[in-house]
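# Predicted model follows, preceded by the sequence.
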Amino acid sequence: MRRYTLGIGGREFLVDVQELDADRFEVAVGDERFEVTLRGDEDLPEAQIVPALPSAAGAADTSRPSAPVRAVAAAPRVARTGAAGASSSALAAPMPGVILELHVKAGDRVERGQAVAVLDAMKMHNLIGAPRAGVIAEVCVAAGQAVGHGDTIVRFGD
Amino acid sequence: MAGSDTLGLLMQGLNHVTLQSLVMIGVACVLLYLGIVRKYEPLLLLPIGAGCLLANLPLSPLLAEDGMLRVLYDMGIRNELFPLLIFIGIGALTDFGPLLENPRLVLLGAAGQFGIFLTLLLALLLGFSRPEAASIGIIGAIDGPTSIYVSGLLAPHLLGPITVAAYSYMSLVPIILPPIMKLLTTQAERRIRMPYSQRQISRRTRILFPIVVTVLVGTLVPFATPLIGMLMLGNLMKESGVVERLTQASSNEIANTVTLFLGLAIGSTMVGSEFLKPSTLAILVLGIVAFAVDGIAGVLFAKLLNRFSGGQLNPLIGAAGLSAFPMAARVVQRVAHEEDFENFLLMHAMGANAAGQVASVVAGGVLLALMGAG
């Protein structure tokens, strides 16, 4: 299961995504559970998520606004980055191994191809480069940690 | 009179210095230099260099009857014990997982042995006898213990140059292979991505693999039984997971000890009268031919496979089909990574490389069978 903490309009929502099948997910937002079917999964190079939230005033007095559900629709795509390999929002381990070094920390801006980590696979040190330019939002592994194929190494914030 | 006798006895060493032995001491220093300064297979070249140096000192007692180097040679080279012990360690270190995940890579391992047979023919043309030519060809297996094993049986007098050629060229894999790989492939081919396909290989498969391969290869190529048997014994110990101590000992203590003994004993065969011949030069040249042909055949065959697979196979991994495990696979990964930093061929290359390891052993057995060795 993967837990996302989303900040939307100054409020925080906990979104738990549990993969049931390759394209079926159980998504819990706060206390509510949804079964979500993934119909498409594509990388849009210049994707801009336009917030289509109801006005903050409308959502302010309810603890379960409809907005998070909208956010959830995008969530499975993030969850699948692990299995699907490189995506624009995260960098996944290309093969199993052990993370030896991390060259970035949350908040760093990286260029495409810039060294992010060194992965020891089959006793070879492999430089893992950033798949795109952007800002690192989260480093998901620690040096010395074993990773499987597809495990997220870093997440991009923008 | 008594004085000059004493002087003669004391000067015995100096009096026995020959030009040949001086040249061989120079050769020993070159080997030591390659190992220590250039870091070319130092684990082998340092003991070989030391053995060569010690064997060429005047009247070296180490080579006399019951001398240490002679004892080591009789103990483990003449009867093939040392290369076989090393093979247990190699088996314990080899992960056949990537090969089991992608069994068609076995074809690349076979292609990577092509240099053996071409070099054998070239050596015959140059006037070497059949057993000698086969021993020189085996340098193309790019596998030290296999080379020692085969030439030890067929042409023990060439053991020194063949071993030195095999190990020196093996350490040159990162220098020799990339130009060949780049010359034979287009940039688009080098950029073919081969995503890692994670197929779980069950423990049962991993355990059955060494047993099945031993029975299969041993039945088809009986001459390969000692090599494949020891390689697979090491692998069985590793994969079974129940004899951790034996696995550790085979791949560390035993392999290290034997490597020292093996290197010294091989070095001791490099005495001037045997080594300083035109044939040594021919062997060194033929060895590099064998090496290059292996790489060329591997890459070309991988290109062919790529055609059949509809462009799914990166021809670079063909270069890992020669043995030299795991260095060749690393070189493939490095060249692919230079072209496209998001392409990771390592696991596929390791598969081809492990196949090459088995294939070179089989090729060694086939050679021995062809030569009717016993």
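Yes, it's here. Numbers count the residues shown, from 1 in each chain, chains lettered A, B, ... in the order given.

# How about the longest strand seen in chain A and chain B, any contact?
Longest strand in chain A, counting residues (DSSP state E): strand A:11-19. No. Using CB under 8 Å from any CB of the partner chain, strand A:11-19 never reaches chain B; the gap is at least 15.7 Å. In this view, the C-beta of every residue, glycine as well, is placed from N, C-alpha and C.

# partner strands of that strand, parallel or antiparallel?
strand A:2-8 (antiparallel), strand A:24-29 (antiparallel) (DSSP bridges).

# can you pull the buried residues of that strand?
Under the neighbour-count criterion of 16 or more other CB atoms under 10 Å in any protein chain shown, strand A:11-19 has A:13, A:15-19 buried.

# and the residue nearest to B:L264 when sequence neighbours are not counted, how many residues sit next to it?
Spatial nearest neighbour of B:L264, excluding adjacent residues (CB to CB, 6 or more residues apart in numbering or on different chains): B:G51 at 4.0 Å. The number of residues packed near B:G51 is 29, by other CB atoms under 10 Å in any protein chain shown.

# okay but B:G51 is in contact with B:I266, surely?
Yes. The criterion here is CB atoms under 8 Å, and B:G51 meets it with B:I266 at 6.5 Å.

# near chain A, which residues of chain B?
B:95, B:195-196, B:198, B:326, B:329-330, B:333, B:337, B:341-342, B:344, B:346-347, B:350.

# From those, keep the buried residues only.
Using 16+ other CB under 10 Å, the buried ones in the residues of chain B next to chain A are B:95, B:196, B:326, B:329-330, B:333, B:337, B:341-342, B:344, B:346-347, B:350.

# Return the item of those having minimum pLDDT.
Taking these together, the minimum pLDDT is found at B:Y196 (82).

# Need the phi and psi values for that residue.
Main-chain torsions, B:Y196, degrees, to the nearest 10: phi -70, psi 120.

# How about it: what's its closest non-neighbour residue?
A:M95 (4.5 Å).

# Tell me the secondary structure of that neighbour, please.
coil (DSSP: H, G, I helix; E, B strand; the rest coil).

# what about it, how many neighbours?
23.

# Can you give me the distance of it to A:L127?
13 Å (CB to CB, to the nearest Å).

# pLDDT on the longest helix along chain B, on average?
In chain B, taking DSSP state H as the definition, the longest helix is helix B:278-308. Mean pLDDT, helix B:278-308: 94.

# Would you mark the buried spots in that helix?
Within helix B:278-308, the residues that count as buried by 16+ other CB under 10 Å are B:279-280, B:282-284, B:286-303, B:305-306.

# So which bits of chain A are right by chain B?
So far as CB under 8 Å from any CB goes, chain A lies against chain B at A:85-86, A:94-96, A:113, A:121-124, A:126-127, A:129, A:131, A:148-150.

# which of these are buried?
A:85-86, A:94-96, A:121-122, A:124, A:126, A:129, A:131, A:149-150.

# neighbouring contacts of stretch B:151-163?
B:48, B:52, B:77-78, B:80, B:83, B:129, B:131-132, B:134-136, B:138-139, B:144, B:147-148, B:266-267, B:269-270, B:274-275, B:279-280, B:283-284, B:287, B:367-368, B:371, B:373 (CB atoms under 8 Å, 6 or more residues apart in numbering or on different chains).

# make it 7 Å
The contact list for stretch B:151-163 (CB atoms under 7 Å, 6 or more residues apart in numbering or on different chains) reads B:77, B:80, B:131-132, B:134-136, B:138-139, B:144, B:147-148, B:266, B:269-270, B:274-275, B:280, B:283-284, B:368, B:371, B:373.

# Could you do stretch B:82-92 as well?
By CB under 7 Å, 6+ apart, stretch B:82-92 touches B:76, B:145, B:148-149, B:226-227, B:230-235, B:237-238, B:247, B:250-251, B:254-255, B:258-259, B:261-262.

# Helices of the stretch 51-200 of chain B, start to end?
B:68-72, B:81-93, B:97-101, B:106-111, B:114-125, B:130-137, B:144-154, B:159-171, B:173-184, B:187-190 (DSSP state H, counting those that start in this stretch).

# mind listing what's buried in the shortest one?
It stands for helix B:187-190. Using 16+ other CB under 10 Å as the test for burial, helix B:187-190 gives B:189-190.

# Got the domain ranges for chain A?
Segmentation of chain A into domains, based on automatic domain parsing, reads A:2-79, A:90-156.

# mind checking the end-to-end distance for the last one?
With CA to CA, to the nearest Å applied, domain A:90-156 spans 6 Å between its terminal residues.
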